[in-house]
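>>> Please work out how this folds:
(2 chains)
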2 protein chains.
Amino acid sequence: MSLGEFSLIEKFFAQRGEGATVEVGIGDDAAALRVPVGHVAQLSTDTAIEGVHFPRDLPPADIAYRSVMAAASDLAAMGASPIGMLLAITLPGADETWLSRFAEGVSAASKATGLPLVGGDTTRGGLSVTVTVMGSTLASCCLRRSGARPGDRVCVSGTLGDAAAGLAIIEGHLTASDQTAAEFLTRRFTAPTARLALGESLLGVATSAIDLSDGLLADAEHIANASAVAIEIDSGKIPLSPAMRTLPDLDQSLQWALAGGDDYELLVTLPNGETVPDSLTEIGRVTSGRGVSCDQTLENRGYDHFAGRSG
Amino acid sequence: MSLGEFSLIEKFFAQRGEGATVEVGIGDDAAALRVPVGHVAQLSTDTAIEGVHFPRDLPPADIAYRSVMAAASDLAAMGASPIGMLLAITLPGADETWLSRFAEGVSAASKATGLPLVGGDTTRGGLSVTVTVMGSTLASCCLRRSGARPGDRVCVSGTLGDAAAGLAIIEGHLTASDQTAAEFLTRRFTAPTARLALGESLLGVATSAIDLSDGLLADAEHIANASAVAIEIDSGKIPLSPAMRTLPDLDQSLQWALAGGDDYELLVTLPNGETVPDSLTEIGRVTSGRGVSCDQTLENRGYDHFAGRSG
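Residues are numbered from 1 along each chain as shown, chains lettered A, B, ... in the order given. The predicted structure is shown next:
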């Protein structure tokens, strides 16, 4: 990428990055960020690749918005407060209109998450977006995957499966007869919400947390493995959105809710005595043992493949 | 990428990430890192793409090593002490031998820089490596690009142009008759050294700093622009390695030293009264005005193109 193109990027992004946490923003060798006294920094990075993580020809503002939210969601799952983010974009070329819209998506997600853009890198190649986020919690206080204990309640935020249904609509595999429902579902794929405030509110309350990027069963397994416990999920309790309930194939909807991924809701475990906050729905329990079980046997629809997942 | 492949990555990388700064390492939603009391965190990210930033079929350990060093070099240019790094790799597939060698390169660079690997992401696509590094300095104390003042000395670490000559050898555009020289030059491309200790030693001494990734003239222009000063470079003072001096075309060598890039040495400005440390060579001065001038006119060899660079 020529430096002329690099200047173009600076033009679109250099005005961002103001915030109480930013000592040095875009334009030096590194950003300098203040971490509150007594806090530890949380750091996570996520790459999204065209044709793999999002469909070709997705609008650039949507690519940007969901890339930032996917990364920010990892901070939510730690209970971390936002500090700042870096953006590494690889682009086939410098299209000023495209970049302008992409920058709008970054800006909107930056405002929504409270993560100022403080730096990044621009390179030429197949379209991909790597967002690195930094947040903080009081020392030793963050939400881990490893704290679930037998007897805990398993809870989830929001509604599940929407993003997978939305992606099916975008890719033309699903036609929703209800236009409002179709718009809601596609927005849940293109504009997910990182549950940052919820994550922070669960510090010292939840025994474990993870964000739902791979799908409920796969991510529950990550908690079960990290905590060395078993998790039982009651499929009848899984929250489905009204939009999802307008779809004709409930089995398919349930499969998306269990294994679809990309919802960026939080899956948390709460001690048995703890009141379940309004923003969470109880969907199961932690028991002694290993692995994830669910009354819905998805063997015929790919669950065996997921059962082998680890990571 | 299937989760089987993700497990493969975990196998190669999950043992890294121990260090005094690491509270939560690889395997949770985010890493948790301790920032020393009174310090601010420095954060930078760098993407390297096969066929753009490094040649196709470069050995995987070299790809890993130089990717980490390139990112770490940004911390050196801020005078930051290392805390940790994240690695986002995009791979066409999961080749266990390739990954094993790549992991060796990461491990070697991690040891050499003092940056434990604390997390990352693995995706499928054309080969690229994005390394995010975090370091820290005492609050408000880091080396900026913007502090150069008229009267300052301009100094550089190491020797320049080696990496560009090394790349020319790797790509078959240059044949070095001296085998030892050829090996030295190629290693300067494949295994650069981030000048972390030097950067730290210049805190409170240097008035500005940048690392040489784009080439001396281009990076000097970054300092000149950020500091609103002019920089004059005396080409006769530019340090060339003994290996470089074995090459027959001195004009070409000088062009690489001025515009080649990838050296990851530090370019710094020092107050006039300051003794130049042994690890630095004085190559010019800061004056009032704007831009970069050099007694060598490179107009015929592409310098006009560089003169238009900004970023």
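>>> Next, A:Pro192: secondary structure please.
coil (DSSP: H, G, I helix; E, B strand; the rest coil).
>>> Can you name the residues that contact the nearest residue to it once chain neighbours are set aside?
Excluding its sequence neighbours, the residue lying closest to A:Pro192 (Cβ to Cβ, 6 or more residues apart in numbering or on different chains) is A:Tyr264, at 4.1 Å. For the C-beta atoms, the positions are set from N, CA and C on the backbone; glycine is no exception. The contact partners of A:Tyr264, taken as Cβ atoms under 8 Å, 6 or more residues apart in numbering or on different chains, are A:Met69, A:Ala70, A:Ser73, A:Ala163, A:Pro192, A:Thr193, A:Ala194, A:Arg195, A:Asp211, A:Leu212, A:Ser213.
>>> Over to A:Arg153?
Counting by Cβ under 8 Å, 6+ apart, A:Arg153 touches A:Thr269, A:Leu270, A:Pro271, A:Asn272, A:Glu274, A:Val276, A:Glu282, A:Gly284, A:Arg285, A:Val286.
>>> The fifth one reaches A:Gly204, doesn't it?
No - using Cβ atoms under 8 Å as the test, A:Glu274 is too far from A:Gly204 to be in contact (10.7 Å).
>>> So for these two, which sits in the more crowded spot?
Per other Cβ atoms under 10 Å in any protein chain shown, whichever of A:Glu274 and A:Gly204 has more neighbours is A:Glu274, with 15 against 9.
>>> Could you say which helix or strand holds the more buried one?
Using DSSP states H and E, A:Glu274 sits within no helix or strand.
>>> Phi first, then psi, for it.
phi -70, psi 130 (degrees, to the nearest 10).
>>> can you pull the contacts of it?
Contacts for A:Glu274 (Cβ under 8 Å, 6+ apart) come out as A:Arg153, A:Val205.
>>> quick one, helices of the stretch 1-150 of chain A?
A:3-13, A:60-78, A:96-113 (DSSP state H, counting those that start in this stretch).
>>> now the stretch 151-300 of chain A
Ranges of helices in the stretch 151-300 of chain A, per DSSP H, counting those that start in this stretch, are A:162-170, A:179-190, A:196-201, A:216-227, A:242-245, A:250-259.
>>> Would you mind telling me which of those is nearest B:Pro248?
Evaluated over the helices of the stretch 151-300 of chain A, closeness to B:Pro248 peaks at helix A:179-190, with 57.9 Å, by Cβ to Cβ.
>>> Report the angle between that closest one and helix A:250-259.
20 degrees (axes from the mean of the first three to the mean of the last three Cα atoms, to 10 degrees).
>>> what residues does helix A:179-190 touch?
A:58-59, A:62, A:65-66, A:162-167, A:169-170, A:176, A:241-244, A:246-247, A:262-263.
>>> can you give me the mean pLDDT across stretch A:202-221?
The pLDDT scores in stretch A:202-221 average 97.
>>> Kindly report the same for stretch A:127-143.
95.
>>> So that stretch, near chain B or not?
Yes - with Cβ under 8 Å from any Cβ of the partner chain as the criterion, chain B is reached by stretch A:127-143 at A:Ser128, A:Thr130, A:Thr132, A:Val133, A:Met134, A:Gly135, A:Thr137, A:Ala139, A:Ser140, A:Cys142.
>>> Looks like the second one contacts A:His53 (just checking).
No - A:Thr130 is not in contact with A:His53 according to Cβ under 8 Å; the separation is 11.0 Å.
>>> Low-confidence regions, the stretch 1-150 of chain A specifically.
Within the stretch 1-150 of chain A, the stretches with pLDDT under 70 are A:1-10, A:14-19.
>>> And for A:Arg188, the neighbour number?
A:Arg188 has 27 nearby residues by other Cβ under 10 Å.
>>> Show me which of the contacts of helix A:179-190 are buried.
When the contacts of helix A:179-190 are checked for burial by 16 or more other Cβ atoms under 10 Å in any protein chain shown, the buried set is A:58, A:62, A:65-66, A:162-167, A:169-170, A:176, A:241, A:243-244, A:246-247, A:262-263.
>>> Pull out whichever of these are also neighbours of chain B.
Here nothing survives when these are matched to chain B using Cβ under 8 Å from any Cβ.
>>> got the contact list for A:Pro55?
With contacts defined as Cβ under 8 Å, 6+ apart, A:Pro55 is in contact with A:Leu167, A:Ile170, A:Glu171.
>>> If we ignore the residues flanking it in sequence, what's nearest the first one?
In space, not counting the residues next to it along the chain, A:Leu167 is nearest to A:Phe189; the distance is 4.8 Å by Cβ to Cβ, 6+ apart.
>>> now do the same end-to-end measure for stretch A:232-249.
Chord length of stretch A:232-249, first to last residue, is 24 Å (Cα to Cα, to the nearest Å).
>>> for that stretch, what is the average pLDDT?
Stretch A:232-249 comes out at a mean pLDDT of 96.
>>> ok, and what's touching that stretch?
So stretch A:232-249 is contacted by A:154, A:156, A:158-162, A:165, A:174, A:176-178, A:180-182, A:184-185, A:188, A:216-217, A:220, A:253-254, A:256-258, A:281-287, A:292-296 (Cβ under 8 Å, 6+ apart).
>>> which of these are buried?
Burial by neighbour count, judged by 16+ other Cβ under 10 Å, picks out A:154, A:156, A:158-162, A:165, A:174, A:176, A:181-182, A:184-185, A:188, A:216-217, A:220, A:253-254, A:256-258, A:281, A:283-286, A:292-294, A:296 from those.
>>> Using the record's assignment, carve chain A into domains.
A:3-138, A:153-307 (automatic domain parsing).
>>> Distance from the first one to the middle of the chain?
By that I understand domain A:3-138. 14 Å (Cα atoms, centre = their mean, to the nearest Å).
>>> before we move on, what about stretch A:211-229?
The answer for stretch A:211-229 is 14 Å, by Cα atoms, centre = their mean.
>>> Check whether it comes near chain B.
Yes - against chain B, stretch A:211-229 shows contacts by Cβ under 8 Å from any Cβ at A:Asp211, A:Asp214, A:Ala218, A:Ala226.
>>> can you put the residues you listed in TSV and add neighbour count and distance to A:Ala103?
Converted to TSV, the residues of stretch A:211-229 next to chain B look like this (neighbours: other Cβ atoms under 10 Å in any protein chain shown; distance: Cβ to Cβ, whole Å):
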residue	neighbour count	distance to A:Ala103
A:Asp211	26	25
A:Asp214	21	29
A:Ala218	23	33
A:Ala226	17	37
